[in-house]
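1. here is a sequence together with a model predicted from it:
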Amino acid sequence: MKRFFVKIGRFFWSWGFLKFVLGCIAFVVLVYVEEDWRGAHEWAATKAKWEAKGETFDYSKFIPPPVPDEQNLAAIPLFKLELVKDSEGDTYPEPVPLKRAMGGDYPHLDLPPTVNWPKGEQADMAKIKQVIASNYAIVFKNAKPPDSTLAQFNAIYPFLTDFLAAAATRPVFRFNSDYTILPQAARPLGQVVALINLSRLLTLQAILAIDQHQEGLALEDIRVNCMLANGAKRDPSLVGGLVAMGIMAINHGAVREGLAQHSWTDAQAAELEQTLGQIDFLAGFQFAMRSEVAISTNDIDFFHRISRPELNKLFEASPLGAPPLAKLFLVPLPSGWWDNNEKEMATFLFHQLATVDLHARLVYANLSHDLKKEAASESNSMTAYAPWNIWFTISVAPLADETKLFARAQVWIDEARIACALERYRLAKGVYPGSFDVLAPMYIDEVPHDIMNGEAYHYRLNPDGTFLLYSVGWNQKDDGGKVAYKTGYDQSLKQIDYEKGDWVWPPPQVKK
């Protein structure tokens, strides 16, 4: 045994072992040099290619221009950010006044469920009145509630009156956020996300107002919701675009409620159509994708350049903790691997831009499907989680379906506008028209075409005097106005499958 250890010791002190060690070091150095050169070369070529097409990687180009406070609805004290502490004592900014005004002091308040209007449902007024009465009893113990549910609601959320008054004099919504925070993905988005619940309150107030025949108030709620959606859509982040779509999906519940019940006057329907026409989710999609290119590439570069001790401190200080596999970034990787991650992210997101043609107002679902399939293939490859691909792998999955989400949101805008024009025709003629030909320019400037195939939206009169209006949807096939539902779920929930069937605007009630 002694002789064995002597031999081992002599080997480690031998010239042969030293040559082996030096060879390994030389090999690692060569790998780093080669990978640095390759990554830098390919990333430089990728940047030059897209910049030659007019694209930019400069995040500052996407920051919305400042707005004077007296014109900016987001500058009112309601949206002020304040530092709050989490359970571990870390602080982060939140729109505390807004959350408090929306019932933050009463954690047991419930909001009635939003109207599932894509399934043709209308507001369950009995359920809404029951929930609001219960909330009123929580906020105003032992107090006799007003007879009107709308009055009860306004008593619970008195800030809405002042908020609508402020919106009437401030035409722009732009967050006064610190857009210089690095990494940019760490910018607090609490203000943006909180708009979803604010939209629910505005939409609920609008539905209650329609029930109380106060359509003017309902119209104001809808208009302000559109202002919030446009403001969120201008936020230089994909989250902003997603929130904007969420706001409008909620907001359509009030739009459709008024149309279904024939509550709007001609002037109100015209104003609705014009207001909805100011929202462009196809342009919003391309803005969001370009913003994500700048965010992703700049953040990868940030994590590359920051010192490892500073990065470790950043992870420890984050209230969200370190992201998955983040500790890998603490290893001194070759620069070329960081460059390759930037190249992969930029290439995928810029290719997604081609799925939407703004000029022709078309969405190419087949191209989007091919990109998603390609991304899935790369994410399932043996090198998916290799350091030179990992950022792309962990980031691309939630981005692959964005084209479909934005397309559906735009179809809903188009169909709502057409439904407003159809209602205006009905108010003037007593019946819905037999075709779209008579709508423009009297009831709408121009009837939008179906962005999924470039043809006219499908429309026909029903035997009961209502109408059927639909897009061919993501499968780009005319299914006769049939909505597809997912299988394998609780059928009482009836979840719509937006990859199949048509995207239908629910018909109005039969006018009695």
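-> Sure, I can see it.
2. isn't residue 423 right up against residue 269?
-> Yes: contact status for residue 423 versus residue 269: in contact at 5.0 Å, counting by CB atoms under 8 Å. C-beta here means a position set from N, CA and C on the backbone, and glycine is covered the same way.
3. quick one, phi/psi of the residue lying closest to residue 173 once chain neighbours are set aside?
-> Spatially, and ignoring its direct neighbours in sequence, residue 173 is nearest to residue 231 (3.0 Å; CB to CB, 6 or more residues apart in numbering). Backbone torsions of residue 231, given as degrees, to the nearest 10, read phi -70, psi -40.
4. likewise residue 505?
-> The phi/psi pair for residue 505 (degrees, to the nearest 10) is phi -90, psi 120.
5. check residue 504 too.
-> phi -100, psi 140.
6. if we can go back for a sec, intersection of neighbour lists for residue 423 and residue 269?
-> residue 259 (CB atoms under 8 Å, 6 or more residues apart in numbering).
7. dump the residue contacts of the residue nearest to residue 173.
-> Contacts of residue 231 by CB under 8 Å, 6+ apart are 73-74, 172-175, 195.
8. again with residue 94
-> Residue 94 neighbours (CB under 8 Å, 6+ apart): 81-84, 188, 190.
9. let's see if you can find the most crowded of those.
-> Counting neighbours by other CB atoms under 10 Å, residue 81 leads the contacts of residue 94 with 19 neighbours.
10. what about the spatially closest residue to that residue that is not a sequence neighbour, which SS state?
-> Nearest residue to residue 81 in three dimensions, chain neighbours excluded: residue 93, at 4.1 Å (CB to CB, 6+ apart). Going by DSSP: H, G, I helix; E, B strand; the rest coil, the secondary structure assigned to residue 93 is strand.
11. cool, residue 122 as well?
-> Here residue 122 is recorded as coil under three-state DSSP.
12. so who does it touch?
-> Neighbours of residue 122 in contact, by CB under 8 Å, 6+ apart: 115, 256-257, 260-261.
13. can we see that at 6 Å?
-> Residue 122 makes contact with residue 260 under the criterion CB atoms under 6 Å, 6 or more residues apart in numbering.
14. which of the helices or strands spans residue 425?
-> Residue 425 is located in helix 402-429, with elements delineated by DSSP states H and E.
15. which regions of the stretch 401-512 of the chain sit below the pLDDT cut-off?
-> Scanning the stretch 401-512 of the chain for pLDDT under 70 picks out 488-493, 510-512.
16. strands of that one, residue ranges please.
-> 458-461, 467-471, 483-485, 496-501, 503-505 (DSSP state E, counting those that start in this stretch).
17. most neighbours per residue, which of the ones you listed?
-> Most buried of those by mean neighbour count (mean count of other CB atoms under 10 Å) is strand 503-505; its value is a mean of 25.
18. which strands border that one, and is each parallel or antiparallel?
-> Sheet pairing of strand 503-505 (DSSP bridges) gives strand 467-471 (antiparallel).
19. got the contact list for the partner strand?
-> 411, 415, 432, 450, 452, 457-462, 481, 502-505, 507.
20. of the strands of the stretch 401-512 of the chain, which is nearest residue 180?
-> Ranking the strands of the stretch 401-512 of the chain by proximity to residue 180 (CB to CB) places strand 496-501 first, at 37.4 Å.
21. relative to strand 467-471, how tilted is the closest one?
-> In terms of direction (axes from the mean of the first three to the mean of the last three CA atoms, to 10 degrees), strand 496-501 departs from strand 467-471 by 80 degrees.
22. spit out the contact partners of the residue nearest to residue 81.
-> Each residue near residue 93 by CB under 6 Å, 6+ apart is listed here: 81, 83, 188.
23. extract the residue ranges of the stretch 151-300 of the chain that are flagged as low pLDDT.
-> Using pLDDT under 70, nothing in the stretch 151-300 of the chain is flagged.
24. show me where it has its strands.
-> With DSSP E, counting those that start in this stretch as the definition, the stretch 151-300 of the chain shows no strands.
25. check the stretch 1-150 of the chain too.
-> For the stretch 1-150 of the chain, applying DSSP E, counting those that start in this stretch gives strands covering 82-85, 91-94.
26. point out where the stretch 1-150 of the chain drops to low pLDDT.
-> For the stretch 1-150 of the chain, counting by pLDDT under 70, the residues that fall below are 1-35, 87-90.
27. repeat that for 50
-> Residue ranges of the stretch 1-150 of the chain with pLDDT under 50: none are present.
28. report the angle between the helix holding residue 425 and strand 496-501.
-> 90 degrees.
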